Structure formats: C-alpha cells, structure tokens
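> quick one, what's the 3D model for this:
(chains A and B)
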Amino acid sequence: MSDTIEVATIPITVDFSGGLEMLFDNQRRHSVSLPAVDSGGKPADIAFLISHLCEKLMKDPRAELFVLDSHIRPGILVLINDADWELEGEEDYKIQPRDNILFVSTLHGG
Amino acid sequence: MEEDTGDRPSTNGTASTVANPTANGCSRRLDDDEFERYSRQMIVPGMGKEGQLRLINSRVLIIGAGGLGCPASMYIAGAGVGTIGIIDGDVVEISNLHRQIGHATFRIGLKKVDSLIQHLMGLNHLPKYIPYPFHLTPQNAADIISQYDLVMDCTDNPATRYLISDICVLLRKPLVSAASIQKSGQLIVLNCPPAPQGSLTPGCAPCYRCCFKKPPPPSSMVSCGEAGVMGPVVGMMGVAQAGEAIKILASALHMPPQSPTDPPERNLHQPTLLIYTYDLESAVGPYSFRALKMGGRKKNCFACGENSTLTLEGIKTGNPDYVQFCSAPTSNVNLPPEERITAAAYHAAKERGELPGHILLDTREKEHFSFGSIEGAVNVPFGKLLMKAAAIKRDGGAASEILPPAESGKGDAPIFVVCRRGVDSQETVEKLKELGLDDQGKRKIVDIIGGMRAWKEEVDPSFPFI
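Take a look at the predicted model:
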C-alpha cells in the first residue's frame, strides 16, 4: 500500500482541442488528480474542475481565453465522456473516477 | 426546364414501393451517360437507382468556395446532384491553392465561383450549376436559400454561420455544417429533418444556435489567413460534408418517415459533432477522430425554440444584427502618440543613425518570424512573452528577464515592438510598462504601428509577409 493520502483525489483525464491545448503547454491530454471535494467540502463538480485547471494546470496567463466571469467562455464546448455537458447537468455534474472531460473550442474557419 | 419542388421523391409514396410512373422524374430511366457515370455508386447497397434519381432531382447550395467548398462541391457534382448553387464573393489567390483544390494556378484572380464551376464542369457536365459571385447577406440569404433542398455551410466566419442557420430554421432546410483551422476540423448535421420553428416534439433536431449558443469573443478567433490551416484537414471536413449531404438526399433523411416499415432510427439520429484533430508530431491515434453526442433542439433557443421571435422579415431589416452579435467589445489598448511610430518613420530614424543600440522585439509566432524579419529583430512570441510576464509578476523576478538574455543587460536602450498587424505589439508595450521596464517613463518603449504588414507596405515591398 502506498502512504496514507491526506486529500482524497479523483483520477480523470482532461483533453483540450480546437486550439485550447495552446493554453495548457501545447499538450492535448492531461492526467489530473482532482481533489474529491472543493475547499467548502462540496464534492468536485465541473465548476470546481474549471477553477482547478485555471489555478494548477494553465501555463498561459490569458485565462480569459478559457474562462469569462468565472464561467467557461462562450465558444467552448465541454464534453463529459464524449457527451455535451448539457446532457449531464453542466457545471453541476459530479466528477466520477476515470471520467474524460474534453474542452473544445468551436471553429469557424473554412 | 426548371424543376419544381413537386419533384421531391418523398411526396410520392414510400421508398420501397415500385416506381410510381407519375412521380415526376423519380421513376424515369437513366440515360446511358448517367447509367455508366453513376454505376459504381448505384450498386452500393442502400443507394440503387432510386437513390441516384433522388440525387439528380435534388438542389444543393454550397456557401463558400474555399477549403471546405472545393472538395465538398467536387463530390456533390461527381455524385450527380442535379442542381448545384455556389456562393462566394472572393477571387482566387495563390495562397488558397494548397487547400482549395477546385481552383487552379491559371485561374488566379478569377471569381472563386466561376473558377470552381469551370473545374466542376470538367468533372461532370450534367448538373446545372448556378453561380452567385457575391457574399451571402441578411438581405439576399432567404431568396437564395429558398431555391434549394439542402444547404452546406462552407464559410469562414461566425456571423455568416449564424445567419445561414437562422434562415435554414425558418425555411426548414437541412444544414450540413463544417469548419476547420490549423490542425482541427469539425462537422455537424443540423436541422435534419427540419421541424417547424417553435415545435418541441421530442427528437427535434438542433440548429446551429442550439449547439453553439454564443460565438467566441473575436479576440479568441483567428482566421486561416492568420493561424494557417493544413490542406488535408480542411479537405477531410469538406469531403465528409459532401458524404453527409449525399446520404441525406439519396435516402431522403430530411423527409418525414415515409412508411411504418421504415426503421425507427431512419432519421432520428443522435445529433453528433465529429471532431478531427491532426497532430503534426504524432501519427494517427485513438483521439484523431471523436464523435461527440450533442443535445437536441433547445426549448429556449433564440432561433428555433418555443418563444422565438426570429422572422425572415426581421432578418432582412437587420434584426438580429449578426455582425454585432459576433463582435463583442475587445480589450483595446490606447497608447499615447509618443509611444507609437509608423514603420516608415522607424525605418527612416534607423537609417539616419538615430537609434543606436535600441532593442527591436518581434512578437510574431516563430513560424512567421522564420520567413523573414527586420534586421536586428529578436523573436519573443506574444504568448511566451505573456507567460514570462505572468511568471515575473508571480515570482517577483527582475522585469528585464522578460527580454532575451542578450538584450536584458542593455540598461535603458529604447525598446521597439513589432508584431504581425499591430495589435499584439500595443499590448506588449502596455505589458512591459506594467512590469516597470520603462523605468517610470525614462526608458522609451514604442509600438511600431501596423506591424510587419505596414513594414511591407511602407518600407520593403519584397518582404515575405504571411
């Protein structure tokens, strides 16, 4: 057994696509150990994941390309296990172990 | 002879019934040229002569004759869709040709619609081609789109994308939409089968606004001209678009179910967004293609939802305002005149020897910088510069660390900043001042107005500006 873990975490993968990977060290896939509860003791949801990513994972200071008024900025889709987050409860969806969360910015070129 | 809407096959009995001799054009014989030409697709299970006749009797509008529209229209024409409208106001440029493969080097300068139709005529002379050598506008959109059975969005800007979707909702046209930039592509079939505006029957297909409620802020958007695009990536999306359109028309998926024996999933498909990611650093992998499950029609959708007030009349008279909707205010930096200089004035001052020992920062991406730069310029890409600035602020390093090592020891040497078109450079000046690099105004930090584009125009016409 490993050492006692003080903060329980949820292992998930987070993917960025459509250019958002640029804000995260140009890496498209990240393995993230998300604290199971937020600072208020609430189970980790998507809203918490977004603030966690901004604080811990984002390498680029242009946070406004990812969040706007502490919500995900317009033009970014959030997919929970390949389904639009609107089908899953949006920001309130409770993160489960081994979830795959994909952030993809909508494209307009052609 | 002009075909009438009465030709639509679906209004004439079930897909599987024996051909009805009165079904205008849908049960006619194929002539020899058609028979030979379309034989290899007609023998594909599910297609048949019936599917082919449906294609021949269909009218498709392709909006945009660029990186998506070229490959899309080639397969649409090859497959034998009977009437093909193409709309685009641009002319062919040499920088289009790596991806816009329906054009040609000897047609540079021609209207894209004319160039593309020339190519398509060579491929298949049977369809009727209708050129619209201008851009789609809120004023002309409904009149044009109403002439077609299916619309393909091959455009390159969000304002037109929302306009097309809104008109398709109101005129009840299926829409096959794709987009691509750099190394990514997206594809989605919308409004198929179309349902009346406001109808909330379960299973109603979404429109563009249901899936993409708001456009991204303009500051986060770049065009293919700025960010670049790989030909096969945008091509793949255009080809996939044609594939979807052919399927919808040949199988009449945009029509209500025609027979109780039709399988229930026939046209109640799960709305799906296909994304393609092309990685220049690795071979094709498990996440190159992803099919993402999207929701159906949104109750509160601005265009197709329950209380929508969107009308064709309104759109024509400027309501909603698509340009404004897609151009939220951007953060603009307002530098005083003494912190800005034209490219010509900078060049002249340098030639006169008035700028000994100055630093010239070029904040373009390294790919752009690699094609050429002003003599003596050092490259610090804008994104990296912002990252460094944030790190210095956070960890409390010296402001001069933001400059490349060779330049950081140059005391109070004036700093000039140039970028591609003169926007990032202003923000850079602002950032450097914020870090205190201007030594309370004692050290000059100056933006070169208009960036390298202005340099090419004002100083060096031979400069390889990309």
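
> ranking helices and strands of chain A by mean pLDDT, which lands last?
Lowest on mean pLDDT, DSSP states H and E among the helices and strands of chain A sits strand A:67-68, with a mean of 85.

> which residue ranges of chain A form strands?
Secondary structure of chain A (DSSP state E): strands at A:9-17, A:29-35, A:67-68, A:71-72, A:76-80, A:83-84, A:100-105.

> run a quick neighbour tally on the closest residue to chain B within chain A.
Across chain A, no residue is closer to chain B than residue A:75, which sits at 2.5 Å (C-beta to the nearest C-beta). The C-beta positions use only the backbone N, C-alpha and C, and glycine is treated the same way. Burial of residue A:75 is recorded as 22 neighbouring residues (other C-beta atoms under 10 Å in any protein chain shown).

> how about residue A:95?
Counted with other C-beta under 10 Å, the neighbours of residue A:95 add up to 20.

> skipping its backbone neighbours, what lies nearest it in space?
residue A:44 (4.7 Å; C-beta to C-beta, 6 or more residues apart in numbering or on different chains).

> now do the strands in chain B.
Remark: strands assigned in chain B by DSSP E are B:59-63, B:83-87, B:128-132, B:150-153, B:175-181, B:184-190, B:272-277, B:289-293, B:340-342, B:359-362, B:377-379, B:415-418, B:445-449.

> adding mean pLDDT, write the ones you listed out as CSV.
As requested, those are exported to CSV (pLDDT from 0 to 100):
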stretch, mean pLDDT
strand B:59-63, 98
strand B:83-87, 98
strand B:128-132, 98
strand B:150-153, 98
strand B:175-181, 96
strand B:184-190, 96
strand B:272-277, 95
strand B:289-293, 94
strand B:340-342, 93
strand B:359-362, 94
strand B:377-379, 93
strand B:415-418, 94
strand B:445-449, 93
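
> want to throw those strands into JSON lines with distance to residue B:231?
Formatted as JSON lines, those follow (distance: least, C-beta to C-beta, whole Å):
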{"stretch": "strand B:59-63", "distance to residue B:231": "18"}
{"stretch": "strand B:83-87", "distance to residue B:231": "20"}
{"stretch": "strand B:128-132", "distance to residue B:231": "24"}
{"stretch": "strand B:150-153", "distance to residue B:231": "19"}
{"stretch": "strand B:175-181", "distance to residue B:231": "10"}
{"stretch": "strand B:184-190", "distance to residue B:231": "12"}
{"stretch": "strand B:272-277", "distance to residue B:231": "13"}
{"stretch": "strand B:289-293", "distance to residue B:231": "18"}
{"stretch": "strand B:340-342", "distance to residue B:231": "36"}
{"stretch": "strand B:359-362", "distance to residue B:231": "28"}
{"stretch": "strand B:377-379", "distance to residue B:231": "27"}
{"stretch": "strand B:415-418", "distance to residue B:231": "30"}
{"stretch": "strand B:445-449", "distance to residue B:231": "33"}
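
> JSON lines for the ones you listed, including mean neighbour count and distance to chain A?
Below are these laid out as JSON lines (neighbours: other C-beta atoms under 10 Å in any protein chain shown; distance: least, C-beta to the nearest C-beta, whole Å):
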{"stretch": "strand B:59-63", "mean neighbour count": "27", "distance to chain A": "9"}
{"stretch": "strand B:83-87", "mean neighbour count": "24", "distance to chain A": "13"}
{"stretch": "strand B:128-132", "mean neighbour count": "17", "distance to chain A": "17"}
{"stretch": "strand B:150-153", "mean neighbour count": "28", "distance to chain A": "8"}
{"stretch": "strand B:175-181", "mean neighbour count": "29", "distance to chain A": "4"}
{"stretch": "strand B:184-190", "mean neighbour count": "26", "distance to chain A": "5"}
{"stretch": "strand B:272-277", "mean neighbour count": "20", "distance to chain A": "6"}
{"stretch": "strand B:289-293", "mean neighbour count": "16", "distance to chain A": "4"}
{"stretch": "strand B:340-342", "mean neighbour count": "17", "distance to chain A": "23"}
{"stretch": "strand B:359-362", "mean neighbour count": "23", "distance to chain A": "18"}
{"stretch": "strand B:377-379", "mean neighbour count": "16", "distance to chain A": "17"}
{"stretch": "strand B:415-418", "mean neighbour count": "25", "distance to chain A": "18"}
{"stretch": "strand B:445-449", "mean neighbour count": "23", "distance to chain A": "19"}
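
> before we move on, back to that, is the residue of chain A closest to chain B in contact with residue B:215, as I believe?
Yes: judged on C-beta atoms under 8 Å, residue A:75 makes contact with residue B:215 at a distance of 6.0 Å.

> circling back: same list, the strands of chain A, but as JSON lines with distance to residue B:337 and mean neighbour count please.
Converted to JSON lines, the strands of chain A look like this (distance: least, C-beta to C-beta, whole Å; neighbours: other C-beta atoms under 10 Å in any protein chain shown):
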{"stretch": "strand A:9-17", "distance to residue B:337": "40", "mean neighbour count": "18"}
{"stretch": "strand A:29-35", "distance to residue B:337": "45", "mean neighbour count": "15"}
{"stretch": "strand A:67-68", "distance to residue B:337": "32", "mean neighbour count": "16"}
{"stretch": "strand A:71-72", "distance to residue B:337": "38", "mean neighbour count": "15"}
{"stretch": "strand A:76-80", "distance to residue B:337": "38", "mean neighbour count": "21"}
{"stretch": "strand A:83-84", "distance to residue B:337": "49", "mean neighbour count": "18"}
{"stretch": "strand A:100-105", "distance to residue B:337": "36", "mean neighbour count": "22"}
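
> and residue B:380, which of the ones you listed is closest to it?
Closest approach to residue B:380 among the strands of chain A is made by strand A:9-17 (24.0 Å; C-beta to C-beta).

> what strands line up against the closest one, and which way round?
Here strand A:9-17 is paired, per DSSP bridges, with strand A:29-35 (antiparallel), strand A:100-105 (parallel).

> how about the residues of chain A by chain B?
Proximity of chain A to chain B (C-beta under 8 Å from any C-beta of the partner chain) is limited to residues A:15, A:17-19, A:22, A:28-29, A:59-62, A:64-65, A:68, A:73-77, A:79, A:82-84, A:86-87, A:102, A:104-110.

> tabulate the strands paired with strand A:9-17 (TSV), appending mean pLDDT.
Listed next are these as TSV, based on pLDDT from 0 to 100:
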stretch	mean pLDDT
strand A:29-35	95
strand A:100-105	95
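
> so which of these gets nearest residue B:288?
Of these, nearest to residue B:288 by C-beta to C-beta is strand A:29-35, at 12.5 Å.

> okay, that closest one in PDB with CA atoms only?
Taking only C-alpha atoms (Å, rounded to 0.1, in the frame of the first residue of the first chain), the coordinates of strand A:29-35 have been written out as PDB:
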ATOM      1  CA  ARG A  29      -4.200  15.200 -22.900                       C
ATOM      2  CA  HIS A  30      -3.500  15.600 -19.200                       C
ATOM      3  CA  SER A  31      -3.900  13.100 -16.400                       C
ATOM      4  CA  VAL A  32      -5.300  15.000 -13.500                       C
ATOM      5  CA  SER A  33      -5.800  14.000  -9.800                       C
ATOM      6  CA  LEU A  34      -8.600  16.200  -8.800                       C
ATOM      7  CA  PRO A  35      -9.300  16.800  -5.100                       C
END
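
> good, we can wrap up now.
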